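>>> Okay, here's the prediction I keep looking at, along with the sequence it came from:
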Amino acid sequence: MATHHLLLLPGDGIGVETMAEVERIIALLNKSAKDKFETTSDVVGGAAIDKHGVPITDAAMAKASNADAVIFGAVGGPKWDNVPYDIRPEAGLLRLRKDLDLFANLRPAICYPALADASSLKREIVEGLDILILRELTGGTYFGSPKEMVTLEDGQQRAVDTTVYTTFEVDRIARMAFDLARVRSKKVHMAAKWNVMRTGVLWRDVTAAAHKAHGAGVELHNILADNCAMQLIRNPKQFDVIVTDNLFGDILSDEAAMMTGSLGMLPSASLGAPDAKTGKRKSLYEPVHGSAPDIAGKGLANPIATIASLGMAARYSLNNPKLADQIDAAIAATLAKGLRTGDIMQPNMTKVGTTEMGKAIEAELAKLIA
Ligand code: IPM
Ligand code: MG
């Protein structure tokens with residue numbers, strides 16, 4: 001019997017409410033005879049700014065580094081719109097990604113059969129959709145330097161962000177794309193702008209070399225990132241794994257997520273390299289949706305993406321794919337019963353709030369693990 005140490009970082013806005021439902025699921029799992037969970041919680045984002053004056057403390061970073069997995073809610077909100085740039089809520093999340101070297105962000109976009117009509121695309125376009133966006137998470141435009149705002153002599157402001165990649169950074173994410181595709185539909189699309197950006201040329205060339213060395217049995221296609229955005233709307237099922245840089249991945253993953261009915265459905269995993277001795281990866285799991293200040297605190301948020309993030313943790317960090325499948329099945333069964341939060345509401349379905357949705361998933365999971 002394994003004991004898993006999880007750090008819960010609910011953060012701000014609906015992160016707090018959706019994490020409460022994850023805790024409900026963990027409490028259920030702790031009652032069963034199988035894996036046990038020990039959880040610690042800490043503040044991040046705006047909540048950490050309010051309490052400590054920084055978006056994440058060194059102590060919380062140390063806990064994150066030592067945990068078997070971090071489950072993260074969401075950060076940000078209008079309350080912190082005017083805090084200095086360097087300590088804005090999002091900086092807490094970016095520090096976790098960068099300092100833990102979580103370079104690989106897996107964002108699956110799966111269309112649950114029960115939700116095919118909730119998508120803004122036609123049912124036949126999205127039904128059965130199962131794609132994986134693999135986003136590079138610690139390089140590119142998010143972290144390149146210089147990143148600055150300077151005042152020119154004539155009083156204008158000049159702002160600079162820099163997109164930087166090295167061979168090593170592209171190679172390790174490309175290899176991961178081939179490994180992931182090998183156990184899926186064996187197809188990788190590499191999305192970049194090699195027609196405009198030097199980093200795009202590097203992505204194309206390094207991915208091709210990684211494919212030669214490491215991509216046996218997997219098809220590689222290069223696709224311009226703008227065309228990829230268009231093709232995702234036109235015919236998303238042509239894709240299996242899409243590997244791309246940090247900024248394009250941010251955008252394409254929101255697009256892919258919405259096809260499944262709602263941003264409120266999609267979990268993600270951010271993984272580091274396996275430790276040389278133990279083979280364990282540092283990891284953080286988070287819903288793709290943000291803190292949704294407009295509905296925060298009202299009990300309306302969809303907890304599915306955060307609960308599914310716990311499922312992804314079971315699969316990628318806790319060595320328990322069976323539990324991951326059970327959590328996914330409990331979510332699917334709850335949706336099949338017609339329960340819907342507002343974001344995925346459809347005619348003739350039963351509208352529920354955050355807690356009711358969490359309790360319903362708990363009840364389905366209880367049957368599955370019994
Ligand atoms: C995401 C979010 C973050 C990002 C924000 C909150 C910094 O949009 O995880 O996709 O831009 O990476
Ligand atoms: Mg985003």
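Cool, got the structure. Numbering: from 1, shown residues only. Ligands and ions are numbered 1, 2, ... in the order given.

>>> and K237, how many neighbours?
When neighbours are counted by other Cβ atoms under 10 Å, K237 registers 15. Bear in mind the C-beta positions are built from the backbone N, C-alpha and C, glycine included.

>>> so how far is P113 from the closest residue in space to it that isn't next to it in sequence?
Closest residue in space to K237, ignoring its immediate chain neighbours: L129 at 5.9 Å, by Cβ to Cβ, 6 or more residues apart in numbering. Separation of L129 from P113 (Cβ to Cβ, to the nearest Å): 10 Å.

>>> Equivalent analysis for I25, please.
Taken as Cβ to Cβ, the span from I25 to P113 is 22 Å.

>>> Between those two, point out the one with more neighbours.
Of the pair I25 and P113, I25 is the one with more neighbours under other Cβ under 10 Å, namely 22 against 11.

>>> Secondary structure element for whichever residue of the stretch 1-150 of the chain sits closest to ligand 1, which one?
When scored by Cβ to the nearest ligand atom, the stretch 1-150 of the chain has E90 as its residue closest to ligand 1, at 3.9 Å. Using DSSP states H and E, E90 sits in helix 89-99.

>>> The helix or strand following that helix: partners in the sheet, and parallel or antiparallel?
Toward the C-terminus, helix 89-99 is succeeded by strand 104-110 as the next helix or strand (DSSP H and E). For strand 104-110, the paired strands and their directions (DSSP bridges) read strand 130-136 (antiparallel), strand 267-271 (antiparallel).

>>> For strand 104-110, give me every contacting residue.
With Cβ atoms under 8 Å, 6 or more residues apart in numbering as the test, strand 104-110 has contacts from 129-137, 172-173, 176, 180, 236, 249, 253, 256-257, 259-260, 266-272, 288, 312, 316.

>>> where does the closest residue to S41 other than its chain neighbours land in three-state SS?
With Cβ to Cβ, 6+ apart as the criterion, S41 has its nearest non-adjacent residue at 4.5 Å, and that residue is L8. At L8 the chain is in strand, as set by DSSP: H, G, I helix; E, B strand; the rest coil.

>>> tell me the contacts of L8?
L8 neighbours (Cβ under 8 Å, 6+ apart): M19, V22, E23, T39, T40, S41, D42, V70, I71.

>>> what does this structure have sitting close to ligand 1?
Taking Cβ under 6 Å from any ligand atom as the contact definition, the chain meets ligand 1 at E90, L93, D250, G290.

>>> just those: which has the poorest pLDDT?
Looking at these by pLDDT, the weakest one is G290, with 92.
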